[in-house]
Every structure is written in C-alpha cells, then in structure tokens.
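# Fold the following and give me the result.
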Amino acid sequence: ICLFQTSLSITMKSLHDRHPKVGLLKACIGDVLRNFGNFEQAEAEYLAAKEILVDAFGPNHVEVAQCWNGLGQTYRLLGRLAEADKCMITALEMSTDILGPTHRSTRNRVNNFIALLKAQGKEASATQLEARRQASDGVDFRCWRMCIMVEGVQDKLCRLIHTKMIQCELPKSFIGSFMSIFQRVTEGHTGLIPEANIRPVDAVKEIPMPKKNEVSLTDLLHKVVVVKLNGGLGTTMGLQKPKGLLPVKTGPDGTSLTFIDCICRQVLHLREKYHSHVKLIFMNSFQTSVATQRHIEEHYPTLFNEDDWEMIQNMAPSIEASNLEPTEYQPRQELEWYSPGHGDLYSTLIGSGILQRLLDAGYKYMFVSNVDNLGASIDLNFLAHMHKSELPMMMEVCHRTPADMKGGHIAETANGSYLLREAAQCPPEDSSYFQDITRHRFFNTNNLWLNLPKLQIAANKTGAGDATSGCLQLPYIRRTRPLIPNDFSSRKLFHMETAAGSAISVLPGAAPILVGRERFVPVKNTNDLLVVQSDAYVLTEDCRLVLHEDIDKPPVVNLDTKWYGKIAGFEKGFKVVPSLLGCSQVTIMGPVLFQQESMTLTGKVDVTNTSDEWLPVAAENNTIADTAVSV
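Numbers count the residues shown, from 1 in each chain. As a prediction, this is how the structure comes out:
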C-alpha cells in the first residue's frame, strides 16, 4: 500500500490528478485494499479510478472493465449482492466484447460471477455456467445470461425462430440444423476454436499418379457431378448482380466471357471429348437465382433444360444481436433473411431431394468449388484417386503464403482428425498463431471432392431420428452484420454460417490433398480481376484458366482501393487492360486512365496521380519498364 501510495503521489505531482496513470494506480490500490479486507476504502478507490479512466479512455475500455470487476468483487464480499451483480455483469460483457470469450481475463471474471451466483443461492445457474466455462470455445456471457438465467426465455426465442422458418416453408432438415445451431448460441456457445485445442498439420500428401489403364475415365465421368457455389453478389466489388456473371476473359471468338460462361464451356467440352454426361449444378442463392437462370437459358439452353441444373440455397433468419429475436424490418423484408454460407450445400442437397435423385441416376462423385475460381476444374487424376481410395471427402489444400494469412487453414484435433478453422473462428488472442504461415502451413482452396453414397450414410446417421436427422452438424461461424448492408450505424444482427469445407471434421476418414497453386485462381477483388483479365493468364481450348507458359507466377497487383476498389472505378480506369506478361509488380495510386492500345508493363512499375482528376498515362513505345511514373 505504501509503495503504491508513494507512486500515486509522485504521479499526481509530476502529471495531474486526472491523468490515466493516476486511475490505473488507484485501481491497483483498490485491489490491494480488497485483498486485505479494507472493503469500504477499496470501493472508494475503484470508483475514483473508474471515473478517471472513463474520462481518459471512454466507457468501453479494458481498464474500465477491470474497475467494474473490482467493484463487483468488493460488493460481493460486503454482502451487497444486487450491486455486485450489476458490476460483474457489466465487467463480463465488456470483457467479452473487448478481449473475447476465451481470453484469460474473461474466463477469470466468469469464475467471479459463478461465486456470486452461489452467494445468491442460484446453484442451478452456477452449475450451468460452470459447465459452459469449461468448454473450449469459452462462453458468450451476454447470450447465456439473456437466455438461461431468465426462465422461459430460451424456449420462447426458439419458438419464435422455428415459427418464422416454418411459415417460410423451409425444408425440415435445414430447420432442424439451424435450430440446433441457434440453441447452442442461446446457451452461450461461441463457435470459436482456440489454438490450445488444435495442433498444426505437419505434412499433406499429394495425389499419386494412377497406373495406366487402371480405371476407365469415361466410366468415372458418367458418375461425376460438378457443383459451382454461386450464391454471392460480389458486393465487396460494388456489383449488383451475381459475381458469376462478371466478365473475366475474352473468348477465342472475341466475345466477353463470364465465370459462368467459362464453367459451362468446361463441362460441355468434357462431355464432347469423353462422350460422357458430366452433370453441372449451380448452387444459387435467392439473390442470384433469377439472373443466373436468365443467362443460362439464353446462352446454354441444353444445360438449362436439364433437370436439377440449379439448386437454391436455404434462407436463414437474421437474429437481433441485442435480444436474439428474429429480425423484423418492414421497409425491406428481404433484409430479415440471409444466405447461411456455402456449408448449406449439404442441407440443400438433402432437403431438396437432389442428393437422392443423383444417387438414383447413378452419380457417385461430386466436385465442388467456388464460381470465381477458374483454376478449379475436373482433374482426371483426382477423380481416379477418389475412386480408388474411397475417401468420403477430399479437400484440396495449398501451401500458405503471406497473401493467404487470412484464409481458413486446416489443423488436427487431439484425436488426429482434421478440421478447418476460418478467421472468424479464431479467438482474438490467438490471431498471431492463425496468421503464422510457418505454423499453419496449408489453406483450404474450397475445391472439395465428395463421395455421394458415403455423404448420404453420414447424414442419415446424424441426429438419431430427432429434428436434426438427415443433415450434417457442422461447426458454425457467428458473424455480426449491420441490418442495412454497409451502414454500420444500423442495428447489429447475428448471422450463423457454416463452411462447406468444415465437413472434413464430421465425415470420418475425410482428408486433405496437396495441390499446386494453379488449382486456386480466385477473384476476390479488383487486384485479382486485373491479373486474370491480363495476358498473364490464358484460356485453354477447354476454357480452363492457366498461367501463361512464359511465366512461373502471376504479377503482384496493388490498385488504389479508393479509385479502383469497386467495379465501376475499375472499368473507368482500365479502358484497355495492359500487358502484364513481363511484369513482376504493379502499383497504381490515384485516378489513372489506361486507354492506350497495346500498352505493356514490365518489371516493377509504380504509377501515381496525386490529383482527384482522372488522367491518362502515356508511354513511349507503349512500354513502361521498371520505373515510377507520375501523371
């Protein structure tokens, strides 16, 4: 006490009595006083510290939460349990929001609240919270308190959600799956996967080359279904249409080809070359279905007239973050619903009856990939391996690079099975482990191979006849979204999503397989789009996207997001796409117009416009080589 008080006196003289260091010292003095049983003095120090720290940092700060926690423990020891309850709840909710539910400080405050519940005689609640505290994913205290401590609330919320989904006539299998996830949310589950519960994958095998004439490729292709995940609108690039309808390449006849065009032509080429009937299915969302239907009907009537060429993702009800009730918003009722992630693939396959119809028609294998990844095509060696190995699922993974630090990585559980951890499932305190590409070395490309009979068997074993029977119980991701897209001042909603690749943890025997980077050519932003549209990539005869044979890796592109981040700005700036075949890196800052025909960028190129006016870049002999240019 003496040392702290001396330090406090010196600090107040050298700084001032409202300096945040004064608040921190007063909080420390409060801790010491409380531990020595001087509760009234401790209370005074905590209150003074809280007032100073709120002025300095604002009400939502980790040090302010510490003051609330100290006050709560002091009031509990004084027997002022109602005041202790208020303070500890405030501290716990702040700690969960700021530090995360799995952080050591949050877990310690859960322990303090358990002690308070016991002091209040609420043994049942204390026991329930203790069980949740011991779970690896921590506890979302706000959800737990809202739904578990108040009798009847959890049942009421579940009835509201269930009724809304029934009224929308959603498939029973999806309703059961979603309700299972929602109940876990109400119980305080977070869906997080802490680093302490997993271990890195040291090595992943590559596909062994099949022996010549080991299998009949034509026979296998008759059994293959290609599924393209086409549920997104590409809103991050400012698109108001399906991302699959974004033009990405010019065809041999000079026509502009979209992702969907390239995919349809890939499948039609396989059919013609091998005299097989590879089936193509687009998994659309309620947001992408109509536009995709129009495009397929107009350009690929043969595919359009086939049964089950499309399956539409389920809709999930948005949940109010403040009270966990289903969202209601009369001005735009479509915002009451969302697409629950591509993990809905399995519920959609099963609930729509498409899985059973595929099996009845003799299909056995399914290749799944994102619509914006034209590197993902049917590889006959992979198909042969699926046939020979009889794996229930095979996930294509690549070595991680610095550009992949935010992508989902694979890991192992304690029992040696595989799992997929997405960035949103990583606790904040473990983010450095997540981004360590030397530790977690392999990322999921979302190119997935499925054995359909084994998928059906696994789904039928799930739920043991209850409401979740017939669907895979996947790990979930809880995201917080604004009600109005991109309006972060609008009220907050919870969206519970699943990832298709997470089935690797629930299909016994599922395994990753190491592939080259050529299998992963996604277009996630306009940087990627420029590379793909350039001559660094070429379309093969069968409409696959491959790196030009003269280069071994694509150029690194960095476009100014202010001017080129949205597709409208990108198309305005790049009237003509320059040649990037000999370019290693290009950075464009400011509003620069590329409109000169046959322009070539080579080596490392920087182009800058410091004004707010779109200005053209010119080049002598149509070439900019290893230099910085100002326009």
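# In this structure, what helix or strand scores lowest on average pLDDT?
helix 217-221 (a mean of 84; mean pLDDT, DSSP states H and E).
# for the stretch 51-200 of the chain, what spans make up the helices?
62-78, 81-99, 104-119, 123-133, 141-144, 153-167, 172-186 (DSSP state H, counting those that start in this stretch).
# How is residue 562 assigned, secondary-structure-wise?
When classified by DSSP: H, G, I helix; E, B strand; the rest coil, residue 562 comes out as helix.
# excluding its backbone neighbours, what's nearest residue 90?
residue 68 (4.6 Å; Cβ to Cβ, 6 or more residues apart in numbering). C-beta: built from backbone N, CA, C; applies to glycine.
# Please look at the one you found and residue 85 and confirm they touch.
No - contact between residue 68 and residue 85 fails when scored by Cβ atoms under 8 Å: they sit 11.7 Å apart.
# about what we covered before: ok, the residue nearest to residue 90 - contacts?
For residue 68, the contacting residues are 50, 87, 88, 90, 91, 94, by Cβ atoms under 8 Å, 6 or more residues apart in numbering.
# does the first one sit in a helix, a strand or a coil?
Three-state call for residue 50 (three-state DSSP): helix.
# Can you pull out the low-pLDDT segments for the protein?
Low-confidence segments of the chain (pLDDT under 70): 210-215, 463-470.
# thinking again about what came up before, take the helices of the stretch 51-200 of the chain and write them to a markdown table, including distance to residue 21.
Shown next, in a markdown table, are the helices of the stretch 51-200 of the chain (distance: least, Cβ to Cβ, whole Å):
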| stretch | distance to residue 21 |
| --- | --- |
| helix 62-78 | 11 |
| helix 81-99 | 20 |
| helix 104-119 | 20 |
| helix 123-133 | 33 |
| helix 141-144 | 30 |
| helix 153-167 | 43 |
| helix 172-186 | 40 |
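# Residue 237 against residue 525, yeah?
Yes - with contact taken as Cβ under 8 Å, residue 237 and residue 525 are classed as touching, separated by 6.5 Å.
# what do those two both touch?
residue 565.
# And these two? Which one has more around it.
residue 237 (21 against 17; other Cβ atoms under 10 Å).
# distance of the more buried one from residue 129?
Per Cβ to Cβ, to the nearest Å, residue 237 is found 44 Å from residue 129.
# Same check on residue 408?
Counting by Cβ to Cβ, the gap from residue 408 to residue 129 is 31 Å.
# How about residue 310?
Taking Cβ to Cβ, one finds residue 310 at 46 Å from residue 129.
# Show me which of these two is the more surrounded one.
Higher neighbour count among residue 310 and residue 129: residue 129, with 23 against 19, using other Cβ under 10 Å.
# Next up, the contacts around the more buried one.
Residue 129 touches 110, 113, 114, 117, 139, 144, 148, counting by Cβ under 8 Å, 6+ apart.
# could you redo the last one with a cut-off of 6 Å?
Applying Cβ atoms under 6 Å, 6 or more residues apart in numbering, we find residue 129 in contact with residue 114.
# swap in residue 436?
Applying Cβ under 6 Å, 6+ apart, no residues contact residue 436.
# same deal with the one 5 residues further on?
Shown in contact with residue 441 (Cβ under 6 Å, 6+ apart): residue 400.
# 7 Å instead?
Residue 441 sits next to 200, 201, 399, 400 when contact means Cβ atoms under 7 Å, 6 or more residues apart in numbering.
# Now do the phi/psi pair for it.
Taking degrees, to the nearest 10, you get phi -100, psi -10 for the backbone angles of residue 441.
# which non-adjacent residue is nearest residue 87?
residue 72 (3.5 Å).
# ok, the one you found - how many residues close by?
Residues within reach of residue 72, counting by other Cβ under 10 Å, total 26.
# Next one: it from residue 206, what distance?
56 Å.
# Please apply the same query to residue 128.
48 Å.
# ok, those two, which is more surrounded?
residue 128 (18 against 10).
# contacting residues around the closest residue in space to the more buried one that isn't next to it in sequence?
In space, and not counting its chain neighbours, residue 128 is closest to residue 148: 5.9 Å by Cβ to Cβ, 6+ apart. Neighbour list for residue 148: 125, 128, 154, 187 [criterion: Cβ under 7 Å, 6+ apart].
# In CSV, list those residues along with distance to residue 41.
Listed next are those as CSV, based on distance: Cβ to Cβ, whole Å:
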residue, distance to residue 41
125, 31
128, 35
154, 42
187, 40
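# State whether residue 149 and residue 125 are indeed in contact, as I suppose.
Yes - between residue 149 and residue 125 there is a contact under Cβ atoms under 7 Å: 5.5 Å.
# circling back to that earlier point, farthest pair within the contacts of residue 441?
Spanning the widest gap among these are 200 and 399, at 13.0 Å by Cβ to Cβ.
# sorry, back to before: out of the helices of the stretch 51-200 of the chain, which is closest to residue 510?
It's helix 172-186; of these, that one is closest to residue 510 (Cβ to Cβ) at 18.7 Å.
# Just the buried residues of the closest one, please?
With burial defined by 16 or more other Cβ atoms under 10 Å, the residues of helix 172-186 counted as buried are 173-182, 184-186.
# same question, stretch 587-597
588, 589, 590, 591, 592, 593, 594.
# So for residue 625, what's the nearest residue that isn't a sequence neighbour?
residue 602 is the one closest to residue 625 (Cβ to Cβ, 6+ apart), at 4.4 Å.
# secondary structure class for that neighbour?
strand.
# same check, this time on residue 437
Under three-state DSSP, residue 437 falls in the coil class.
# which ones are touching it?
Per Cβ under 7 Å, 6+ apart, neighbours of residue 437: 400, 401, 402, 404, 405.
# So which of those residues is the closest to residue 567?
residue 404 (23.9 Å).
# Surely that closest one and residue 442 touch.
No - Residue 404 is beyond contact range of residue 442, at 9.5 Å (criterion: Cβ under 7 Å).
# ok, the two, which is more surrounded?
Of the pair residue 404 and residue 442, residue 442 is the one with more neighbours under other Cβ under 10 Å, namely 22 against 19.
# Now do the contacts for that one.
Residue 442 touches 201, 204, 397, 398, 399, 400, 409, 410, 512, counting by Cβ under 7 Å, 6+ apart.
# before we move on, what about residue 156?
So residue 156 contacts nothing (Cβ under 7 Å, 6+ apart).
# Against residue 128, how distant is it?
With Cβ to Cβ as the criterion, residue 156 and residue 128 are 18 Å apart.
# swap in residue 424?
Residue 424 sits 26 Å away from residue 128, going by Cβ to Cβ.
# cool, and residue 252?
65 Å.
# ok, residue 142 touching residue 92?
No - counting by Cβ under 7 Å, residue 142 does not reach residue 92; the two are 8.2 Å apart.
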